[in-house]
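Colleague: Any chance you could fold what I've pasted below:
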Amino acid sequence: MDFYRHLFLTDGPGKTISFTLVYLVSTIFAFQTLLTAYISSTYMEQFVSGQSVGLIYALGAVGAILFSIFSTNILKRIGNVNYTLFAMVAITILLVTIGLAINPITTIVAFILFLAINPQIYLNIDIFLETLIGVNEATTGSKRGIVLTGMSIASFFSPIAMSYIVGADNNLAIVYFVAAGVGLIFIMLIIARFRHFYDPVYVTVGLKDMYLSFIRNTDIKIVIYAQFLLQFFYTWAVVYFPLYLATEIGLSWEMIGKIIAVGLFAFILLEYPAGRLADKHIGEKELMAVGFVFLALGAASFTFMDTSEILPWMILFFCTRIGASLVEITTESYFFKQVKGDDANTITLFRLSRPVANLTGVLVGSLALLLLPFHLIFAVLAIILVTGIFATIKLNDTK
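Modeller: Below is the predicted model:
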């Protein structure tokens, strides 16, 4: 079967797949990921103490870092299609295992492995997309804006779907089974439509060379730091924001799901227009800085908000996601204007910011909770995000 040719061949002429297919798989993946993201910390508290949940996330982040470091070697050996397929098969099996909750140890190990493997799909999607874009860098922002908008639409509906699936009896386990079913759709699409994709030539460099490349290119260094801060914010948004609303403010999961959905709607509205704006008019630098202003102010506002009314929280979440959407599309657009689809190491370094930020985020969050009242930890987040404003202004703009 030609789908498995990557196990035996390492090169070949490129063959174009459609942008539509990449948009579709990225949207399906985003829906699957966000379906379980906001409930996982609460679900894990059934098996460990609340203080140990951060450790589980930290171990998963360490695993993701290790997978990311060795991803180029895996890509050279089996190709991007097979890597994508094997990763999603593993993710689907792990989701079922987590939902079954056979025993605490099995469930915790499965969840750690899920956290380690899941981020690799982002790298796979990046390679598909960058191979299609090729040297036409002028469309990078627009193309990535469409991908991110599709993922944002899925992200908008995922917490709404989650709240309905959980229901009044708070059956969190069933969400993992539904997410596994979504994974099967992803797998079938990869097998049916991506099997003839030919990989670019992946160039492997050592960790030392990767590090030297990182520190020598100031613009790449800054944009990776900006991406790190964004992923740091996302870690807190997934782990600490809903936990704060549920335990300190006393909101129900149905209300929390609606608040999250309204916040995520900002991505649908802004990411594609912001990508086109960065391509055609003002570049990424200014929009990125504005995004960090929104993020920092929004995080600081959590320190003062104590209302149990749903509308103020919807407005606050929407404002923070305005900032996140601007930073997300501009960091993606700026970075991928500097690299090509075969530059797997630099892309890996960029994507490595996600698990590193996840690890750092839960460690900083756990430490902050030990030293401060819950509402004051968001002041720490705001201070960290402010550094993104000062870093961004040092970028050489693309316009």
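
Colleague: so what does the lowest-mean-pLDDT helix or strand in the chain touch, helix or strand wise?
Modeller: Lowest on mean pLDDT, DSSP states H and E among the helices and strands of the chain sits helix 207-216, with a mean of 72. On a contact count with 3 or more Cβ pairs under 8 Å, 6 or more residues apart in numbering; DSSP states H and E, helix 207-216 meets helix 218-244, helix 344-371. In short, each C-beta sits where N, CA and C put it, glycine included.

Colleague: Next, the buried residues of the longest one.
Modeller: Which is helix 344-371. Buried residues in helix 344-371, counting neighbours by 16 or more other Cβ atoms under 10 Å, are found at 344-362, 364-366, 368-369.

Colleague: just stretch 201-220 next, same as before
Modeller: By 16+ other Cβ under 10 Å, the buried positions in stretch 201-220 come out as 202, 210, 213, 219, 220.

Colleague: Just send these back as TSV, with distance to residue 336 too.
Modeller: Listed next are those as TSV, based on distance: Cβ to Cβ, whole Å:
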residue	distance to residue 336
202	16
210	17
213	16
219	13
220	11
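
Colleague: farthest pair in these?
Modeller: Pairwise distances across those (Cβ to Cβ) peak at 23.0 Å, for the pair 202 and 219.

Colleague: can I get the CA coordinates of stretch 232-249 in PDB?
Modeller: The C-alpha trace of stretch 232-249 is given here as PDB (Å, rounded to 0.1, in the frame of the first residue of the first chain):
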ATOM      1  CA  PHE A 232       2.300  30.400  29.000                       C
ATOM      2  CA  PHE A 233      -1.000  32.400  29.000                       C
ATOM      3  CA  TYR A 234      -2.800  29.500  27.400                       C
ATOM      4  CA  THR A 235      -1.500  27.100  30.100                       C
ATOM      5  CA  TRP A 236      -3.000  29.400  32.800                       C
ATOM      6  CA  ALA A 237      -6.200  29.800  30.800                       C
ATOM      7  CA  VAL A 238      -6.700  26.000  30.700                       C
ATOM      8  CA  VAL A 239      -5.600  25.100  34.200                       C
ATOM      9  CA  TYR A 240      -6.100  28.100  36.500                       C
ATOM     10  CA  PHE A 241      -8.900  30.200  34.900                       C
ATOM     11  CA  PRO A 242     -11.700  27.600  35.000                       C
ATOM     12  CA  LEU A 243     -10.400  26.300  38.300                       C
ATOM     13  CA  TYR A 244     -10.700  29.900  39.700                       C
ATOM     14  CA  LEU A 245     -14.200  30.400  38.400                       C
ATOM     15  CA  ALA A 246     -15.300  27.000  39.700                       C
ATOM     16  CA  THR A 247     -13.800  27.000  43.100                       C
ATOM     17  CA  GLU A 248     -13.400  30.700  44.100                       C
ATOM     18  CA  ILE A 249     -16.200  32.400  42.200                       C
END
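
Colleague: Just the residues contacting it, thanks.
Modeller: 37-38, 40-42, 53-54, 57, 251, 253, 255-256, 259-260, 295, 299, 302, 306-308, 313, 317, 320, 324, 357-358, 360-362, 364-365, 374-375, 377, 381, 384-385 (Cβ atoms under 8 Å, 6 or more residues apart in numbering).

Colleague: before we move on, what about stretch 252-268?
Modeller: The contact list for stretch 252-268 (Cβ under 8 Å, 6+ apart) reads 38-39, 148-149, 151-153, 155-157, 159-160, 162-163, 166, 170, 242, 245-246, 251, 310, 313-314, 317-322, 324-325, 328.
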